[in-house]
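**Student:** just to be clear, the model below is a prediction. Sequence and coordinates:
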Amino acid sequence: MSLLTAAAHSTEADGSAAGVTVAGWGTALPARRVTNHDLTQHLETSDAWIVDRSGIRERRWVGPGESTGPLSVAAARAALARAGLAATDLDVIVVATTTPEKPLPSTAALVAAELGTTAGAFDLNAACAGFVYSLATASALVSSGVARTALLVGADTMTSIIDPGDRATAVLFGDGAAALVLTGGPDDLGQPPPPGAPGLVASDLVGDPAGVDLLVVPAGGSARPASAATVAAGDHYLRMDGREVFRRAVRAAEASIVRTLARAGCTVDDVALFVPHQANARITDAVLARTGLAADRTSSTIDRYGNTSAASIPLALAEAASAGTVAPGDLVLMCGFGAGLTVGTALWRWGTPTQFDKEAT
Ligand code: UT7
């Protein structure tokens, strides 16, 4: 595997990690585009309602051979290629998903097998906040030296749990995946990171337990295993109180962002790029209005992909990175929220892989 040296990487006294770089990123989207007009063929809805209430114009839905596993693998391969690394360079794989390839084994283990690596692998379920939770987790593994190279995937096939006849949810969600490769680690002397080192600057992982019942798939777990009765009742579909989720998500995202920036000693003006969970353009607008974050420095894919759950933040981040929107040293703010209600915010300093000496071993 590649040995990455010559960067200062350690864990700060306040627990925030530093000295971790996004070495590569990649995305994978199903080929099939489903427009709002397509949905009006079988749902009582309209393009005007969907655009007005959510900002969504189209989304991608999986077809034959496309599911969370293959999408994750495709995104991972693209991220590794961009990083110039092989799958055998990986020490750990984290897949953030609510819609795994199978109940067992983990999607991450299936990705590892497909990529041909013995890296440790596990899934993380924090719903639509999953990517931020995975970033905090993978970054901690790398900055502490547990792993030197981590693959982080956000992937969801929301159509596998969407009731196609429920217009309140069927118009909102899409399928997709995106991956990042993180590299770095503590230096040999355990020196603190220099000011402005890349990686996690501050984070905020919180919950709103009063909203635990607002977004649920009632059956298919240990409490109510799948049976003919649960299938007949439609209890494997996602049920959502959208209006209440909306209300709570806006407030929780605002509070989480304020806490994260305060921990970092930063203001909204220091944020070069804001990458919110892409749930609803109106939620994003409300968060911008409440926090003062700049609209022209906010990444948006909601019109093209809808809500892709754990994939939404990395998809939007990867698109921004590919467009050259982020430069080394920039602060990227990410905020996700979803079932649980689970909320997570991460302030990340963008780096460049060239800050590291890559030595073949
Ligand atoms: O990923 C994180 C979790 N999810 C979210 O963050 C979603 C958060 N919630 C939302 O994005 C919004 O609440 C929705 C987009 C789901 C709904 O927008 P809304 O403005 O809150 O609408 P509503 O639920 O209050 O419904 C307004 C009306 C209702 O009709 P009545 O009761 O006023 O007659 C709904 O039945 O719109 C109706 N409606 C629709 N009409 C046309 C609901 N879905 C549709 C639809 N097309 N697809």
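**Tutor:** Ah, there it is.

**Student:** tell me the phi and psi of residue 153?
**Tutor:** Here the main-chain torsion angles of residue 153 (degrees, to the nearest 10) amount to phi -120, psi 140.

**Student:** doesn't residue 176 make contact with it?
**Tutor:** No: Residue 153 is beyond contact range of residue 176, at 11.0 Å (criterion: Cβ atoms under 8 Å). The way it works is simple: take the backbone N, C-alpha and C, and place the C-beta from them, glycine included.

**Student:** which of those two has more neighbours?
**Tutor:** residue 153 (34 against 31; other Cβ atoms under 10 Å).

**Student:** gap between the more buried one and residue 170?
**Tutor:** When Cβ to Cβ, to the nearest Å is the yardstick, residue 153 and residue 170 sit 25 Å from each other.

**Student:** return the set of buried residues in the helix or strand residue 72 falls within.
**Tutor:** Counting by DSSP states H and E, the secondary-structure element that holds residue 72 is helix 68-83. Along helix 68-83, the positions that meet the burial threshold by neighbour count (16 or more other Cβ atoms under 10 Å) are 68-80, 82-83.

**Student:** kindly report the same for stretch 139-149.
**Tutor:** Using 16+ other Cβ under 10 Å as the burial criterion, the residues of stretch 139-149 that qualify are 139, 140, 141, 142, 143, 147, 148, 149.

**Student:** how near is the closest residue to the ligand within the stretch 101-250 of the chain to residue 170?
**Tutor:** Taking Cβ to the nearest ligand atom as the measure, the stretch 101-250 of the chain has residue 242 as its residue closest to the ligand, at 2.8 Å. Using Cβ to Cβ, residue 242 is found at 12 Å from residue 170.

**Student:** the more surrounded of those two?
**Tutor:** More neighbours sit around residue 170 than around the other of residue 242 and residue 170, counting by other Cβ under 10 Å; the figures are 21 against 16.

**Student:** next up, phi/psi of that one, please.
**Tutor:** Backbone torsions of residue 170, given as degrees, to the nearest 10, read phi -60, psi -30.

**Student:** contacts only, for it.
**Tutor:** Going by Cβ atoms under 8 Å, 6 or more residues apart in numbering, residue 170 touches 39, 43, 162, 163, 164.

**Student:** excluding chain neighbours, give the residue nearest to the most centrally placed residue in the chain in space.
**Tutor:** The centroid of the chain falls nearest to residue 131 when counting by Cα atoms, centre = their mean (2.8 Å). Take residue 131 and drop its neighbours on the chain: the residue closest to it by Cβ to Cβ, 6 or more residues apart in numbering is residue 154, 3.9 Å away.

**Student:** shouldn't the one you found be within a helix?
**Tutor:** No: secondary structure assignment (DSSP: H, G, I helix; E, B strand; the rest coil) places residue 154 in strand, not in a helix.

**Student:** surely it touches residue 130?
**Tutor:** Yes: using Cβ under 8 Å, residue 154 is in contact with residue 130, at 6.2 Å.

**Student:** which residues are in contact with both of the two?
**Tutor:** Looking at what touches both residue 154 and residue 130 (by Cβ under 8 Å, 6+ apart), the common residues are 96, 97, 309, 310.

**Student:** tell me the residues of this protein that contact the ligand?
**Tutor:** Counting by Cβ under 6 Å from any ligand atom, the chain comes close to the ligand at 45, 49-50, 53-54, 128, 167-168, 171-172, 215, 242-243, 245-246, 249, 279-280, 283, 307, 338.

**Student:** and if we set it to 8 Å?
**Tutor:** Remark: the part of the chain in contact with the ligand comprises 39, 43-46, 49-50, 53-54, 127-128, 167-172, 215, 240, 242-243, 245-246, 249, 277, 279-280, 282-283, 307, 309, 312, 337-339, using Cβ under 8 Å from any ligand atom.

**Student:** with that, I have no additional questions.
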